[in-house]
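A.B. asks: kindly return the folded structure for what I paste below:
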Amino acid sequence: MVDYEAVLIKSKVRINGVFLKEGERVGKIDTETGEELFDDVEDERTFSAEEVEREITSPDSNRKIIEEVAKHAYAHEAQTDRFPKILIFAVNDIPHASHADQLVRICREVFNQGDDFVQKITGNPNVESETQDSRSDEPIVGRTIIGGAEIPIQRFASMPPNIHATGDIESMSLLAGQSVGLIDEIRPAAEILRETINGAERLIRELSAKVHENGQT
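C.D. replies: I've put the predicted structure just below:
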């Protein structure tokens with residue numbers, strides 16, 4: 001684990017959802033062709049927070065959230081002389097209506113430090129990405145859920161499995177730090193746990209005996 005600072009950003013759209021009034025003009029994107037058509041809302045309609053970016057998008061809300069993220073990022077840089085690494089999870093990366101592409105575009109506009117400053121790492125093997133860390137012909141070995149969206153995991157992908165991961169876990173990337181050099185044998189987890197408990201009980205008995213020897217209670 002690395003150090004991190006939690007920053008709470010409240011968004012009415014992400015909490016309350018989106019309410020469209022009768023007659024309000026909205027754009028609809030054809031996911032097959034990418035063509036955007038404009039239409040007027042016939043009846044009032046409410047989209048819950050869970051439906052935002054799945055059934056409807058709110059670019060203005062996304063921009064305001066990223067602008068707020070940028071404020072904290074630049075404040076962190078001014079304080080530590082180091083710009084923080086930021087991971088932003090998108091709901092989807094589907095053709096012509098990609099939430100991931102929308103976030104990349106907004107981030108590049110807000111941070112304004114060149115296209116290379118913001119990169120998309122996709123878990124979709126059918127979407128090309130400069131930073132995609134696994135070849136497109138590698139098999140899918142499992143699936144996981146990130147940010148509420150289910151994504152496939154390819155063999156040799158650098159993303160480690162989380163608590164939602166299913167499939168062939170041993171074929172996924174497993175994190176190993178410097179402590180891996182201290183491992184000189186492979187033992188059953190139950191045996192290690194039992195040894196740890198026995199060692200703790202022994203230390204408690206030894207400490208308790210010393211306390212009694214010193215006449216303390």
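A.B. asks: my guess is Lys64 contacts Ser11, does it?
C.D. replies: Yes - using CB atoms under 8 Å, Lys64 makes contact with Ser11 at a distance of 7.4 Å. For every residue, glycine as well, the C-beta is placed using N, CA and C.
A.B. asks: list the buried residues in the longest helix seen in the chain.
C.D. replies: Criterion DSSP state H: the longest helix present in the chain is helix 189-213. Buried residues in helix 189-213, counted by 16 or more other CB atoms under 10 Å: none are found.
A.B. asks: assess the claim that Gly167 and Pro139 are in contact.
C.D. replies: No - assessed by CB under 8 Å, Gly167 is found out of contact with Pro139, at 10.4 Å.
A.B. asks: the more surrounded of these two?
C.D. replies: Gly167 (15 against 12; other CB atoms under 10 Å).
A.B. asks: tell me the pLDDT of that one.
C.D. replies: Per-residue confidence (pLDDT) for Gly167: 92.
A.B. asks: show me what it is bridged to.
C.D. replies: On the basis of DSSP bridges, Gly167 is bridged to Gly142.
A.B. asks: that one and Ser11, how far apart?
C.D. replies: 33 Å (CB to CB, to the nearest Å).
A.B. asks: how about Val141?
C.D. replies: 35 Å.
A.B. asks: need the contact list for the closest residue to Ile88 other than its chain neighbours.
C.D. replies: Of all residues not flanking Ile88 in the chain, Leu103 sits nearest, at 5.7 Å (CB to CB, 6 or more residues apart in numbering). Leu103 makes contact with 62, 66, 88, 90, according to CB atoms under 8 Å, 6 or more residues apart in numbering.
A.B. asks: ditto for Arg63
C.D. replies: Contact analysis of Arg63 by CB under 8 Å, 6+ apart lists 106, 110.
A.B. asks: which secondary structure element is home to it?
C.D. replies: When elements are assigned from DSSP states H and E, Arg63 belongs to helix 59-80.
A.B. asks: how many neighbours does Ile163 have?
C.D. replies: Per other CB under 10 Å, the neighbour tally for Ile163 reads 6.
A.B. asks: got the phi and psi for Ile151?
C.D. replies: Dihedral pair for Ile151: phi -130, psi 150, per degrees, to the nearest 10.
A.B. asks: give me the beta-bridge partners of it?
C.D. replies: Taking DSSP bridges as the rule, Ile151 bridges to Thr144.
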